[in-house]
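Q: Sequence and predicted model, in that order:
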Amino acid sequence: MTAKNPESTSRKTHRPVIWSNAVFLTVTPVLALIAVPWYVLTHGVTWVEIAACVFMWVLTGLSITAGYHRLFAHRAYSAPAPVRAVFAVLGAAAYENSVISWAAAHRFHHRFVDTDDDPYNAKEGFFYSHMGWVMVEGSKHDDISNVPDLLKDPILRWQHRHAIAIGTVVNIGSTVVLGLLTGHMLGMFIFAFLLRLVLTQHFTFLINSAAHIWGSQPYSNAHTARDNWFLSLFTFGEGYHNYHHSFQADYRNGPRLYNFDPSKWLIWSLAKLNLASKLRLSPLDVTLGKMFEHAKQTFEERLASAGESLDAWTESARDTLHEHLMAAEKRCEEALAEVKKTRAELQALVADGAGVISRRHLRRKLRQANRSAHAALEQWQEIGRAYLEAATNPQTAAQPV
């Protein structure tokens, strides 16, 4: 449950400008907008500059999403010291502050979402939640009281003290190395350093801004966070933001197999290499159950708003659709119960050290139960849409098959 501070929602205070941040966030995009076209027109551009830009973007971007965000801010999994160090060093090259400061702000965001104590409160507008909050001293500026676990890590304490220096060494060092290897030194500074830095920062910022404005809310509307698959394409899977706010401890942002979530795939791969452990995920019966309850609540609210149009709906048609809806709801509840039961049986077998064949059988059964639960929920939603359509447009209502 999201904690709200009643006083914070109405408190507006003067916020001193952090001029170093304001100048940096203003100048770097302008330089990129000037330097990139100039270089293309005067030197041309090849796959070398593009590949170097993408390579550095992937390294630093994944260090923010899989490292700063999911490993450190949410402790969604555990990792040994070498992995933590790599994420801390490469993440510093994004110039998005130290792990400790970044994670502290993000934890406050989840705790006080959409209030004045939310460092990047989306209700203050796109610009503020995107980058304006970095330019001023908010109510939680420099407050790291909520990350005592991270302060115990010597790697993160070291990175916190030297984040800008570490980031500068990584940025300059990697750019020079790439320039020497490719013979495109100027191109590396413009593409692998400047352009990559701007893209990494603003793609990350879009999750604070755009992912709280555009998209769907299949799990909860208690906050402004939204699922937006398009944003996931250039934020390494961070676009499934409504899911993330609803199940923030999950190491996945995109829970379905087909969800584009490179950060999830990286963490899973690290676990297979024994470089990550204790991966936390929300069970399907829990996530689908929340989706089902939210869908029912939304359905009831929309049905109540239908008002007088319900009077034009014949009682027999209403009863028929309602009967279909209740049957679908029952199937959905039974399917979710079956998933929960099968998951518990599998966990018990694993705990008892049961044989591979028995566990394999139950895993197949669980996958089938998962598919059945998804199908049942989709059927309920389809009938619910038909019910709402009939309630608001009785003359054009069609009976479900």
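A: Alright, I've got the coordinates.
Q: Run through the helices of the stretch 1-150 of the chain in chain order.
A: Remark: helices assigned in the stretch 1-150 of the chain by DSSP state H, counting those that start in this stretch are 19-43, 47-62, 81-92, 99-111, 126-130, 148-151.
Q: For Asn228, which of the ones you listed is the nearest?
A: Set against Asn228 and scored by CB to CB, the helices of the stretch 1-150 of the chain come closest in helix 126-130, at 13.9 Å. In short, each C-beta sits where N, CA and C put it, glycine included.
Q: avg pLDDT for that closest one?
A: For helix 126-130, mean pLDDT is 96.
Q: Name the residues of it that are buried.
A: For helix 126-130, burial by neighbour count (16 or more other CB atoms under 10 Å) applies to Tyr128, Ser129, His130.
Q: Relative to Gly167, how far out is the residue lying closest to Gly125 once chain neighbours are set aside?
A: The shortest distance from Gly125 to any non-neighbouring residue, by CB to CB, 6 or more residues apart in numbering, is to Gly132 (7.8 Å). Applying CB to CB, to the nearest Å, one obtains 22 Å for the distance of Gly132 from Gly167.
Q: and those two? which has more neighbours close in?
A: Gly167 (23 against 19; other CB atoms under 10 Å).
Q: can you pull the contacts of that one?
A: By CB atoms under 8 Å, 6 or more residues apart in numbering, the contact list for Gly167 reads Ala92, Ala93, Ala94, Tyr95.
Q: try it again with 6 Å
A: Going by CB atoms under 6 Å, 6 or more residues apart in numbering, Gly167 touches Ala92, Ala93, Tyr95.
Q: Quick check: which element contains Val176?
A: helix 154-182 (DSSP states H and E).
Q: Could you point out the helix or strand that follows that helix?
A: Under the assignment DSSP H and E, the closest C-terminal helix or strand after helix 154-182 is helix 185-187.
Q: just how off-centre is that next one within its chain?
A: 34 Å (CA atoms, centre = their mean, to the nearest Å).
Q: by contact count, what packs against the helix or strand following it?
A: For helix 185-187, the succeeding helix or strand toward the C-terminus, using DSSP H and E, is helix 196-208. If contacts are counted by 3 or more CB pairs under 6 Å, 6 or more residues apart in numbering; DSSP states H and E, helix 196-208 sits against helix 19-43, helix 47-62.
Q: Pick the most deeply packed of those.
A: Most buried of the helices and strands packed on helix 196-208, by mean neighbour count (mean count of other CB atoms under 10 Å): helix 47-62, with a mean of 19.
Q: which non-adjacent residue is nearest the residue positioned nearest the centre of the chain?
A: By CA atoms, centre = their mean, the chain has its centre lying nearest to Glu238, at 3.5 Å. Excluding its sequence neighbours, the residue lying closest to Glu238 (CB to CB, 6+ apart) is Ile207, at 4.9 Å.
Q: repeat for Phe112
A: Closest residue to Phe112 apart from its sequence neighbours, by CB to CB, 6+ apart: Asp118 at 4.6 Å.
Q: Kindly report the same for Ile100.
A: Going by CB to CB, 6+ apart, Ile100 has His160 as its nearest residue, at 4.4 Å.
Q: thought that neighbour was touching Trp102?
A: No. Here His160 lies out of contact with Trp102, judged by CB atoms under 6 Å, at a distance of 9.9 Å.
Q: so the helix holding Val176 versus helix 47-62, what angle?
A: Relative orientation of helix 154-182 and helix 47-62, computed by axes from the mean of the first three to the mean of the last three CA atoms, to 10 degrees: 180 degrees.
Q: what's near enough to touch the closest residue to Ala52 other than its chain neighbours?
A: Nearest residue to Ala52 in three dimensions, chain neighbours excluded: Ala192, at 4.0 Å (CB to CB, 6+ apart). Counting by CB under 6 Å, 6+ apart, Ala192 touches Ala52, Cys53, Met56, Thr175, Leu178.
Q: and which of the residues you listed is nearest to Ser282?
A: Met56 (32.8 Å).
Q: how many neighbours does the residue nearest to Thr28 when sequence neighbours are not counted have?
A: Leaving aside its sequence neighbours, Thr28 sits nearest to Val198 (CB to CB, 6+ apart; 5.4 Å). By the criterion of other CB under 10 Å, Val198 has 18 neighbours.
Q: what's the answer for Ile144, then?
A: 18.
Q: That one touches Ala104, doesn't it?
A: Yes. Counting by CB under 6 Å, Ile144 touches Ala104, with 4.4 Å between them.
Q: Quick check: which ranges of the stretch 251-400 of the chain have low pLDDT?
A: 302-303, 305-322, 324-325, 350-359, 380, 385, 387-400 (pLDDT under 70).
Q: From Leu197, how far off is Pro29?
A: From Pro29 across to Leu197, the span is 10 Å (CB to CB).
Q: Ok, Arg226 next?
A: Distance, Arg226 to Leu197, by CB to CB: 27 Å.
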